[in-house]
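**Student:** Here's a sequence, model it:
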Amino acid sequence: MDFLQVHFLKKTEKKQPEMIYKEWGGKNPAAKSRLESADRTYCNFGWQTGDFPHFYAAIISTLKSNTKVNFIIPFEKEHDKGVLLDLSFALERFCNQEQKFVTVLVFENVGRAADRKLWEIIEASTSGSMGQNKQKIYGPMEATEHASEFVKKMKGGSTFTPAWQQLTRGNGNPLFQAYADACRKFSEDFFKSSQFSNDNFRGKAKFVCIWDRVVPLKGGANPQYNSSEAGNQQLCEKLLKDIPDLKAIFLVGTGFSSHTKKNISKVFDMGKFWEALPSIKGRLRQNGFFDYMTAMYNCDVVHVGMKSGGMDALGLLGQKVVFIETVHAHELIQERIEYFHTKHITFVDVHRLPSPEGKAIESIRYSEPIPAPQKGFLKPITSTIPKERISEVETLKATKSDKFGQRDLAMITAKVTAMFSS
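**Tutor:** Numbers count the residues shown, from 1 in each chain. Below you'll find the predicted structure:
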C-alpha cells in the first residue's frame with residue numbers, strides 16, 4: 001500500500017487546473033476519494049522553500065492523532081526537484097512505519113503566489129466535500145502553529161521524528177554513506193591545517209557553524225535578512241574572544257571575506273558544503289549531514305545565522321540553532337518564531353541588521369509602516385521587494401554600514417555561549 005502518494009497535474013495553455021483536476025479525478029477515483037476524505041489539507045501556495053520544513057513538521061504532527069493529510073504545492077522549475085526529494089525523506093519512512101496516509105498534489109506550470117493562480121490551485125484541488133469546507137486548507141503560518149506543540153517537546157540531538165534519524169544515521173543506506181564520505185573529506189582537510197593538526201580534541205569539543213545568507217534584491221525572498229562579510233568577520237572575532245575553549249568556527253557558504261577565511265585563527269572554511277554531497281539534493285537531506293556529524297563525532301555544535309528556512313531545518317534535525325531576527329519584525333512574525341522556540345532553537349532580536357540592504361529596507365519600513373501579515377492562505381506575506389522600489393533601496397543602501405552593532409554582537413555571543421551549557 002502506498003502510504004505516501006505524489007500526483008502530478010500539469011497545466012497547459014488549453015487545459016486549466018480545474019479541468020486537469022477533473023480529468024485526473026476521473027482516471028484516479030480512489031486517489032480522488034482519498035484526497036477529499038483527508039482530515040487536514042496544507043497548501044504551500046507561494047513555494048517559499050523555507051516553509052517546507054514547517055509543513056513537514058505540521059503534517060507529521062497532525063498524523064499523530066489523524067490518519068490522512070493532503071499537501072498541495074505548485075511546481076515549475078528544475079531546481080524544485082530537490083524539494084520533492086526532501087518530501088520523500090521527510091514523509092515516506094514515517095508514513096510507512098506509522099501506516100498513515102499523505103497525498104501530495106503537485107500542480108505544474110501554475111506559477112507562484114499570484115492571487116488568481118492561488119485560487120485556481122485551491123479551487124481545483126478542493127472540489128466535492130472539501131470545496132464546502134475551505135477552513136480545512138492551511139498555509140505556512142498555520143503549519144508552524146500546528147507543529148509547535150511537538151517541536152517544543154523535542155530534545156536537542158534528536159530529530160523531529162525518529163524516522164529521519166534512521167535515515168541520517170542508519171548504516172547501509174545511501175544517505176549515510178554520502179554523509180560519511182563527505183565527513184571524511186572535511187576531516188582530512190581540517191587536520192591538514194597546521195592550526196588544527198596538533199589540537200587536543202578529547203571530550204566533547206565545541207564548534208560553531210556560521211551560515212551566510214545572500215539573496216538578490218530583485219526577486220530574492222526577504223533580502224533584509226542577508227548577512228554581510230564584515231558582519232560575519234565581527235561575529236567570528238567576537239565568538240573566539242568570548243568562548244576561549246572554542247575549538248573551531250566552520251564557515252558555511254560563500255559570504256565571507258578572504259581575511260576571515262585566511263587570517264583569523266581557528267576558522268575552517270566549509271564553503272558550499274553541499275557540493276561535497278553531489279548525490280544528495282534537497283535542503284533537509286543535505287542538512288542531515290550535520291545530524292550525522294554531531295552524532296558520529298560526538299561534538300557540540302551551535303549553528304548561527306540570519307533567520308531562514310535553512311536554520312529552521314537544522315533545528316528540526318535536532319541541531320542547536322541561534323538565528324538572528326530583527327526587533328522590528330511584525331508581531332505575527334514574532335509569534336511564528338515563538339512557536340519554534342525551544343531549548344535548542346533560539347533567536348536574537350538585533351536592533352540593526354548587519355547588511356546595508358537590511359538596514360535600508362528596515363529604514364523604509366519603519367518610516368512607512370505596512371500592514372501586518374495575515375494568517376490564512378488567502379493573504380500570504382509579501383517577502384520580495386517590489387520592482388519599482390528596488391532602485392530606492394539601492395540608493396539608501398549605499399549610505400548604510402555593513403556591520404553589526406556592538407550591543408547586538410554581545411547578545412548573539414551570549415546566546416551561543418548559553419547553548420553550549422545546555
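**Student:** Is Phe176 in a helix, a strand, or coil?
**Tutor:** The three-state label for Phe176, taken from DSSP: H, G, I helix; E, B strand; the rest coil, comes out as helix.
**Student:** Now the residue nearest to it when sequence neighbours are not counted. Its backbone dihedrals?
**Tutor:** Taking C-beta to C-beta, 6 or more residues apart in numbering, and ignoring the residues beside it in sequence, Phe176 has Gly170 as its nearest neighbour in space, at 5.5 Å. Where you see a C-beta, it was placed from the backbone N, CA and C, and this is true even at glycine. In terms of degrees, to the nearest 10, the main-chain angles of Gly170 are phi -80, psi 100.
**Student:** ok, now how distant is Gly170 from Arg365?
**Tutor:** With distances taken as C-beta to C-beta, to the nearest Å, Gly170 is found 46 Å from Arg365.
**Student:** and if you look at Asp349?
**Tutor:** To Arg365, Asp349 is 15 Å away according to C-beta to C-beta.
**Student:** what about Glu145, which helix or strand?
**Tutor:** Assigned by DSSP states H and E, Glu145 belongs to helix 140-151.
**Student:** following that helix, which helix or strand shows up next?
**Tutor:** Tracing the chain past helix 140-151, the next element assigned as helix or strand by DSSP H and E is helix 162-169.
**Student:** quick one, strands of the stretch 301-422 of the chain?
**Tutor:** In the stretch 301-422 of the chain, the segments counted as strands under DSSP state E, counting those that start in this stretch are 320-326, 345-350.
**Student:** and Glu275, what does it touch?
**Tutor:** When contacts are counted by C-beta atoms under 8 Å, 6 or more residues apart in numbering, Glu275 is found next to no other residue.
**Student:** Oh, that last question was meant for Phe340, not what I typed.
**Tutor:** The contact partners of Phe340, taken as C-beta under 8 Å, 6+ apart, are Thr144, Ala147, Ser148, Val151, Asp312, Gly315.
**Student:** can we see that at 10 Å?
**Tutor:** 53-54, 57, 144, 147-148, 151-152, 154, 311-312, 315-316, 321, 323, 346-347 (C-beta atoms under 10 Å, 6 or more residues apart in numbering).
**Student:** Repeat that for Asp408.
**Tutor:** For Asp408, the set of contacting residues under the criterion of C-beta under 10 Å, 6+ apart consists of 231, 234-235, 324, 326-327, 348-354.
**Student:** Could I have the buried ones of these as ChimeraX selection syntax?
**Tutor:** Applied in ChimeraX, the following selects the buried portion of the contacts of Asp408 according to 16 or more other C-beta atoms under 10 Å:
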select :231,234,235,324,326,348,350,352,353,354
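**Student:** Lys307: which of the contacts of Asp408 is nearest?
**Tutor:** Taking C-beta to C-beta as the measure, Ile324 is the one of these closest to Lys307, at 6.3 Å.
**Student:** bridging residues for that closest one?
**Tutor:** For Ile324, the residues forming beta bridges with it (DSSP bridges) are Met306, Val348.
**Student:** Name all residues that make contact with it.
**Tutor:** Ile324 makes contacts with 213, 225, 227, 231, 235, 304-308, 311, 347-350, 353-354, 404, 408, 411-412, 415, as judged by C-beta under 10 Å, 6+ apart.
**Student:** rerun at 8 Å
**Tutor:** Contacts here follow C-beta under 8 Å, 6+ apart; on that basis Ile324 touches Tyr225, Val304, Gly305, Met306, Lys307, Phe347, Val348, Val350, Leu353, Pro354, Ile412.
**Student:** got it, and Lys400?
**Tutor:** Taking C-beta under 8 Å, 6+ apart as the criterion, Lys400 is in contact with Pro356, Glu357, Lys359, Ala360, Ser363.
**Student:** Return the distance of it relative to Tyr366.
**Tutor:** Lys400 is 13 Å from Tyr366, where distance means C-beta to C-beta.
**Student:** re the thing from before, top of the contacts of Lys400 by neighbour count?
**Tutor:** The most crowded member of these, judged by other C-beta atoms under 10 Å, is Glu357 (26 neighbours).
**Student:** Check that one and give its pLDDT.
**Tutor:** The per-residue pLDDT reported for Glu357 equals 95.
**Student:** how many other residues sit next to the closest residue to it other than its chain neighbours?
**Tutor:** Computed as C-beta to C-beta, 6+ apart, the closest residue to Glu357 that is not its neighbour in sequence is Lys397, at 4.9 Å. Other residues within reach of Lys397 by the criterion other C-beta under 10 Å amount to 19.
**Student:** list the contacts for Lys397?
**Tutor:** Applying C-beta under 8 Å, 6+ apart as the definition, the contact partners of Lys397 turn out to be Pro356, Glu357, Lys359, Ala360.
**Student:** one more time with 10 Å, if that's ok
**Tutor:** Taking C-beta under 10 Å, 6+ apart as the definition of contact, the neighbours of Lys397 are Leu217, Pro223, Ser355, Pro356, Glu357, Gly358, Lys359, Ala360, Ile361, Ser363.
**Student:** which among those residues gets closest to Gln165?
**Tutor:** Out of these, the one with the shortest distance to Gln165 is Pro223. That distance is 34.2 Å, counting by C-beta to C-beta.
**Student:** so where is the stretch 251-400 of the chain shaky, pLDDT-wise?
**Tutor:** Scanning the stretch 251-400 of the chain with the threshold set as pLDDT under 70 gives 368-383.
**Student:** Remind me which helix or strand Tyr179 belongs to.
**Tutor:** Using DSSP H and E, the element containing Tyr179 is helix 174-192.
**Student:** Buried ones in that helix, by neighbour count?
**Tutor:** Under the neighbour-count criterion of 16+ other C-beta under 10 Å, helix 174-192 has Leu175, Phe176, Ala178, Tyr179, Ala182, Cys183, Phe186, Phe190 buried.
**Student:** Repeat that for stretch 36-53.
**Tutor:** Burial within stretch 36-53, assessed by neighbour count using 16+ other C-beta under 10 Å, is assigned to 36, 38, 40-53.
**Student:** Now do the end-to-end distance for it.
**Tutor:** As for stretch 36-53, its first-to-last residue distance stands at 24 Å under the measure C-alpha to C-alpha, to the nearest Å.
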